[in-house]
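[1] Fold the following for me, if possible:
(4 chains)
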There are 2 protein chains.
Amino acid sequence: MLKRERQVYIVHQVNLHNKVLSTALSVEIDVSEDTIRRDLQELDEKGKLIKVHGGALSHSFSNIKYPSSKVYAQNSKKIIAEKAIGLIKDKMFVLTGGGTTVVEMARALPLHRSATFISGSIPAIVEFMNHPNVEVIVIGDKLSKNSKITLGADAIARINTLKPDLCFLGINALDLKNGITDSDWDVVQLKQAMIESSQKVICLTISEKINTMQPIQVCDLSRIDILITELPKDDPMLKPYVDAGITVL
Amino acid sequence: MLKRERQVYIVHQVNLHNKVLSTALSVEIDVSEDTIRRDLQELDEKGKLIKVHGGALSHSFSNIKYPSSKVYAQNSKKIIAEKAIGLIKDKMFVLTGGGTTVVEMARALPLHRSATFISGSIPAIVEFMNHPNVEVIVIGDKLSKNSKITLGADAIARINTLKPDLCFLGINALDLKNGITDSDWDVVQLKQAMIESSQKVICLTISEKINTMQPIQVCDLSRIDILITELPKDDPMLKPYVDAGITVL
DNA sequence: GAGATAAATGCGGCTTTATGCATTTTTTTT
DNA sequence: AAAAAAAATGCATAAAGCCGCATTTATCTC
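    A predicted model of the protein is given here:
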């Protein structure tokens, strides 16, 4: 591959994904990382991208600082996201539901982590799409405008054919007696399918939603493997859940 | 082989493959590399190609295939989008491919229009998702990071079960002899399925891509019902396509 | 169509460019 | 603070490019 050709390709990738990793480009194009680094250097000097440790960013990306200002309980969700990310190891298959917490997680995922994410949540997909090292499987079906996830028989059927390592579920209500509960019939169906198919179920929620309930049960406590909130794991509020056998992070 | 002849051949190769190597041309035409270099030099000066270390690239390589400036051809795409929207009536089922032109169309869709859009293009889905009156069906499958659309057997299988009224296809190359052509195998498979399933195929493209070709054929001209470009319908460039029986808007 | 003239080509040598590797330094992550 | 990953630095090598010149090939003129 010609040098110029390669550089055009790199710029293209940067514009497309907003960020690239030197290592990823190196294997993709099959040249040494040194060469990639030199390319990034030159392209940076030409102002086509911004070189950073480990790769490069597009201008548009760095200009648009995270505009996620109006998301409720942003900080809590960032804490949750950080904890959740620790569970994701390279090469894992990860199923995710919808909700802002999952989006936060997608954003915070380190650039070098390579995993496959399966999701029907459009905002989450958009984030994963911009990550240089993850593969994304989109669960198709009718798009629910409220929740911005795909819902329906097709989605459920597809999920049933999968056996992901992890399932990250943003939840709206959790209590000791009823487990996970929710208010939307279709969403409940989908969540049930997700829980059934997964090896490990990880619930993400801000503490506010703990010990609250909604009209429809998704599953009871015993199906939850790990619970992640913004609280420290020894917070008294979480004690009953630890006692119920759930790993709390 | 005469010099002129050789240079014509080189330009042809560059247009065809977007890139040529001096060494390859040298053995192909059986002249010294010096000669090739001198040819490339001249052709570069004449603006027919871009000479680089080791060979040459076509202009389209850096301009069309990997647009460097974001707003490139933005206006043209808005014009195309406006024309395309005129075809969408309430209650229609509309299948759309990927590409910025389709996204432009989604943005320009009047708020009161109520239709169902089926798509695997994430950027398009995001636009439709924010529209108050359209329903969105997401085509699921593995997400291609390059094109930001879902690609694969699942997507094709799903499309085959549909009979949408319209299919909007952003295309990369169109010429009289070969019809629609493209450069990515999986994308071609998907486009073929889309074309097959749809009642009416509408091609969207900026005029720059007309009379260009890429290595893989998607379908020939006869499958196209409507062609939309930024040019007025009576532009001489489009005449051959009108003569071929395509409705040009 | 033969010879003159100009253009085109190939080759040897020398220079520049591109790339990868080894080593040291810096940055990041745990 | 230690370990791991990435970057910088210097160097070796091979490929590509360039210059000038000899030779061949095409074009023009009579």
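[2] could you give the mean pLDDT of stretch A:34-51?
    For stretch A:34-51, mean pLDDT is 92.
[3] same thing with stretch A:119-135?
    Regarding stretch A:119-135, the rounded mean pLDDT is 86.
[4] Flag the shaky bits of chain A, pLDDT-wise.
    Across chain A, the ranges flagged by pLDDT under 70 are A:60-74.
[5] Enumerate the residues of it near DNA strand C.
    Contacts of chain A with DNA strand C, taken as C-beta under 7 Å from any atom of the strand, map to A:2, A:3, A:6, A:31, A:32, A:34, A:35, A:38, A:53, A:54, A:110. For the C-beta atoms, the positions are set from N, CA and C on the backbone; glycine is no exception.
[6] Let me have those residues in CSV, extended by neighbour count and distance to residue A:237.
    Putting those into CSV (neighbours: other C-beta atoms under 10 Å in any protein chain shown; distance: C-beta to C-beta, whole Å) gives the following:
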residue, neighbour count, distance to residue A:237
A:2, 17, 61
A:3, 15, 59
A:6, 16, 54
A:31, 16, 53
A:32, 11, 52
A:34, 10, 52
A:35, 15, 53
A:38, 14, 54
A:53, 7, 39
A:54, 15, 38
A:110, 10, 30
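[7] got a markdown table for those, with distance to residue B:42 and secondary structure too?
    Output for the residues of chain A next to DNA strand C, formatted as a markdown table (distance: C-beta to C-beta, whole Å; DSSP: H, G, I helix; E, B strand; the rest coil):
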| residue | distance to residue B:42 | secondary structure |
| --- | --- | --- |
| A:2 | 19 | coil |
| A:3 | 22 | helix |
| A:6 | 25 | helix |
| A:31 | 30 | coil |
| A:32 | 34 | coil |
| A:34 | 34 | helix |
| A:35 | 30 | helix |
| A:38 | 30 | helix |
| A:53 | 44 | coil |
| A:54 | 43 | coil |
| A:110 | 50 | coil |
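[8] For DNA strand D, tell me which of those show up nearby.
    For DNA strand D, the contacts drawn from the residues of chain A next to DNA strand C by C-beta under 7 Å from any atom of the strand are A:34, A:53, A:54.
[9] how about TSV for those, with distance to chain B added?
    Shown next, in TSV, are these (distance: C-beta to the nearest C-beta, whole Å):
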residue	distance to chain B
A:34	17
A:53	22
A:54	18
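[10] And the residue of chain A that's closest to chain B?
    residue A:140 (2.5 Å; C-beta to the nearest C-beta).
[11] number of nearby residues for that residue?
    24 (other C-beta atoms under 10 Å in any protein chain shown).
[12] Relative to residue B:155, how far out is the residue nearest to it when sequence neighbours are not counted?
    Computed as C-beta to C-beta, 6 or more residues apart in numbering or on different chains, the closest residue to residue A:140 that is not its neighbour in sequence is residue B:140, at 2.5 Å. Distance of residue B:140 to residue B:155, computed by C-beta to C-beta, to the nearest Å: 7 Å.
[13] Equivalent analysis for residue A:152, please.
    For residue A:152 relative to residue B:155 (C-beta to C-beta), the value is 16 Å.
[14] repeat for residue A:217
    34 Å.
[15] between the two, who's got more neighbours?
    More crowded of residue A:217 and residue B:155, by other C-beta under 10 Å: residue B:155, with 23 against 16.
[16] about what we covered before: let's have the residues of chain A next to DNA strand C in a markdown table, adding distance to residue A:19.
    Listed next are the residues of chain A next to DNA strand C as a markdown table, based on distance: C-beta to C-beta, whole Å:
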| residue | distance to residue A:19 |
| --- | --- |
| A:2 | 24 |
| A:3 | 22 |
| A:6 | 18 |
| A:31 | 19 |
| A:32 | 21 |
| A:34 | 20 |
| A:35 | 19 |
| A:38 | 19 |
| A:53 | 12 |
| A:54 | 9 |
| A:110 | 11 |
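[17] Helices along chain A, start to end?
    A:3-17, A:22-29, A:33-45, A:59-63, A:74-85, A:100-108, A:122-129, A:153-160, A:185-197, A:239-243 (DSSP state H).
[18] residue nearest the centroid of chain A?
    residue A:106 (3.3 Å; C-alpha atoms, centre = their mean).
[19] Once you drop chain neighbours, what's closest to that one?
    residue A:127 (3.4 Å).
[20] Can you report how many residues lie near that neighbour?
    As a burial measure, residue A:127 scores 22 neighbours (other C-beta under 10 Å).
[21] Thought residue A:100 was touching it, still the case?
    No: if you go by C-beta atoms under 8 Å, residue A:127 and residue A:100 don't touch, sitting 10.9 Å apart.
[22] tell me, how many neighbours does the closest residue to residue A:183 other than its chain neighbours end up with?
    Nearest-residue entry for residue A:183: residue A:214, 4.6 Å, with adjacent residues in sequence omitted and distances by C-beta to C-beta, 6+ apart. Other residues near residue A:214 come to 19 when the count uses other C-beta under 10 Å.
[23] who's in contact with residue A:214?
    A:172, A:173, A:181, A:182, A:183 (C-beta atoms under 8 Å, 6 or more residues apart in numbering or on different chains).
[24] Any of these buried? List them.
    Buried residues within the contacts of residue A:214, counting neighbours by 16 or more other C-beta atoms under 10 Å in any protein chain shown: A:172, A:173, A:181, A:182.
[25] So which residues on chain A come close to DNA strand D?
    Close to DNA strand D, as judged by C-beta under 7 Å from any atom of the strand, chain A has residues A:21-23, A:33-34, A:37, A:41, A:51-55, A:112.
[26] These: which two are farthest apart?
    A:41 and A:112 (20.2 Å; C-beta to C-beta).
[27] for the nearest residue to residue A:198 once chain neighbours are set aside, which residues make a bridge with it?
    Once flanking residues are discounted, residue A:198 sits nearest to residue A:167: 3.5 Å by C-beta to C-beta, 6+ apart. On the basis of DSSP bridges, residue A:167 is bridged to residue A:95, residue A:201.
[28] Thought residue A:203 was touching residue A:167, still the case?
    No: look at residue A:167 against residue A:203 with C-beta under 8 Å: they stay out of range, at 9.3 Å.
[29] of those two, who's got more company?
    Counted by other C-beta under 10 Å, residue A:167 and residue A:203 do not tie: residue A:203 has more neighbours, with 29 against 25.
[30] With adjacent residues omitted, what lies nearest to residue A:123?
    Residue A:123's closest residue in space is residue A:103 (C-beta to C-beta, 6+ apart), at 4.8 Å.
[31] wait, what's in contact with that neighbour?
    Listed by C-beta under 8 Å, 6+ apart, the contact set of residue A:103 reads A:121, A:123, A:124, A:127.
[32] Need the distance between the two termini of stretch A:238-249.
    Start and end residues of stretch A:238-249 are separated by 10 Å (C-alpha to C-alpha, to the nearest Å).
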